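**Student:** build me a model from this:
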Amino acid sequence: MYTIERQQLILQFVRKHKVVKLVTLTNEFNVSMETIRRDIQQLAQEKKIEKFYGGVKYIEPVEGLIDNRLHEQLPEKVAIAKACASLVQDGECIFIDSGTTTYQMTQFLLEKEKLTVITNSLPVAFDLIGSNIEVIIIGGKIRHSEKSVTSNDFLFRFDHLNINKAFICASGVSIEKGISDFSLEEAITRKQIINISQTVYVAADSSKFNKDVAIQVCPVNEVDMIITDYALPKDTINHFTDKGVQLKIVKTNIEDTK
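**Tutor:** Now for the predicted structure:
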């Protein structure tokens, strides 16, 4: 097992149990205490867990600036974005959400023919300037922390859009509370996009699963597929698929991030 894969699994385990002894981790992952200490040191530096004598505890995340999150779990995000882009056909009209995972899609769309991208993400729009892709950015209020646009019907006529496929981000994904986000305004915009799109995909790395944040966007049964990475634990995969949720699990290709 690669170090990055083991560290993601350790993070998933600590998130699930909240507080874990180091010796428990050595037994669970069948590695030496020295290896676990190195993994824990890395995760602690990334402020994903907190160390204490003999153990660790999970740090509940809060939403940070998009620029600060761009390089978090980058291999996973790029792999998910590449899988999302592979679902896009020439001539389609798609929605790309504001988020660090969907943002990575732009590099894989440039060879598409007669593609229209609707987005509320300023970085996505800027990346596609000069390409042969038609870009429509929704009108509304700029959310500075996310470099995104949030909108309501009185600001933008969503009913005029004909979206084949929507690629939505999430801060939390669970069976009980569905897809959730930190921002009410972002959630409202996503709800509107989901309601008018023919097919809805959620792009969420494995760290977002079994977690609920402030605002529900929609139940999981309102999306067609969730695309995530290989570090998602098997019991979580089974938990979701047993409830009829379609998952697409992708492997990380480090070369794509260089």
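
**Student:** what about the helix or strand that contains V173, average pLDDT?
**Tutor:** Assigned by DSSP states H and E, V173 belongs to strand 172-174. Strand 172-174 comes out with an average pLDDT of 94.

**Student:** show me what whatever helix or strand comes next after it is packed up against.
**Tutor:** Downstream of strand 172-174, the next assigned helix or strand under DSSP H and E is strand 178-181. In terms of contacts (3 or more C-beta pairs under 8 Å, 6 or more residues apart in numbering; DSSP states H and E), strand 178-181 is packed against strand 172-174, helix 184-196, strand 215-218. Where you see a C-beta, it was placed from the backbone N, CA and C, and this is true even at glycine.

**Student:** right, and those - which one's nearest C93?
**Tutor:** Of all these, helix 184-196 sits nearest to C93, with 10.9 Å by C-beta to C-beta.

**Student:** distance from that closest one to the middle of the chain?
**Tutor:** Centroid displacement of helix 184-196 relative to its chain, using C-alpha atoms, centre = their mean, to the nearest Å, is 16 Å.

**Student:** count of neighbours near G140?
**Tutor:** 17 (other C-beta atoms under 10 Å).

**Student:** ok, it touching F158?
**Tutor:** No - G140 lies out of contact with F158 (C-beta atoms under 8 Å); the separation is 10.6 Å.

**Student:** tell me who's in contact with I10.
**Tutor:** 25, 29, 36, 39-40, 43 (C-beta atoms under 8 Å, 6 or more residues apart in numbering).

**Student:** roughly how far apart are the residue most central in space within the chain and D97?
**Tutor:** The residue lying closest to the centre of the chain (C-alpha atoms, centre = their mean) is A204, at 2.7 Å. Applying C-beta to C-beta, to the nearest Å, the value for A204 to D97 is 11 Å.

**Student:** now for these two: what residues contact both?
**Tutor:** In contact with both A204 and D97: C169, using C-beta under 8 Å, 6+ apart.

**Student:** just the buried positions in stretch 189-206, please.
**Tutor:** 189-194, 197, 200-206 (16 or more other C-beta atoms under 10 Å).

**Student:** where's it relative to the chain centroid, distance-wise?
**Tutor:** Per C-alpha atoms, centre = their mean, the centroid offset for stretch 189-206 relative to its chain is 12 Å.

**Student:** what's the mean pLDDT across that stretch?
**Tutor:** 95.

**Student:** can I get that stretch in CSV, CA atoms only?
**Tutor:** Presented in CSV, the C-alpha positions along stretch 189-206 are these (Å, rounded to 0.1, in the frame of the first residue of the first chain):
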residue,chain,number,x,y,z
THR,A,189,-27.8,27.8,-6.1
ARG,A,190,-27.0,24.0,-6.2
LYS,A,191,-30.6,23.1,-5.5
GLN,A,192,-31.7,25.2,-8.5
ILE,A,193,-29.1,23.6,-10.8
ILE,A,194,-30.1,20.1,-9.6
ASN,A,195,-33.8,20.8,-10.3
ILE,A,196,-33.2,21.7,-13.9
SER,A,197,-30.4,19.3,-14.9
GLN,A,198,-31.1,16.0,-16.7
THR,A,199,-28.3,14.1,-15.0
VAL,A,200,-26.6,15.1,-11.7
TYR,A,201,-23.1,13.9,-10.6
VAL,A,202,-21.5,14.7,-7.2
ALA,A,203,-17.7,15.0,-7.3
ALA,A,204,-16.5,14.4,-3.7
ASP,A,205,-13.3,13.0,-2.4
SER,A,206,-13.4,10.3,0.3
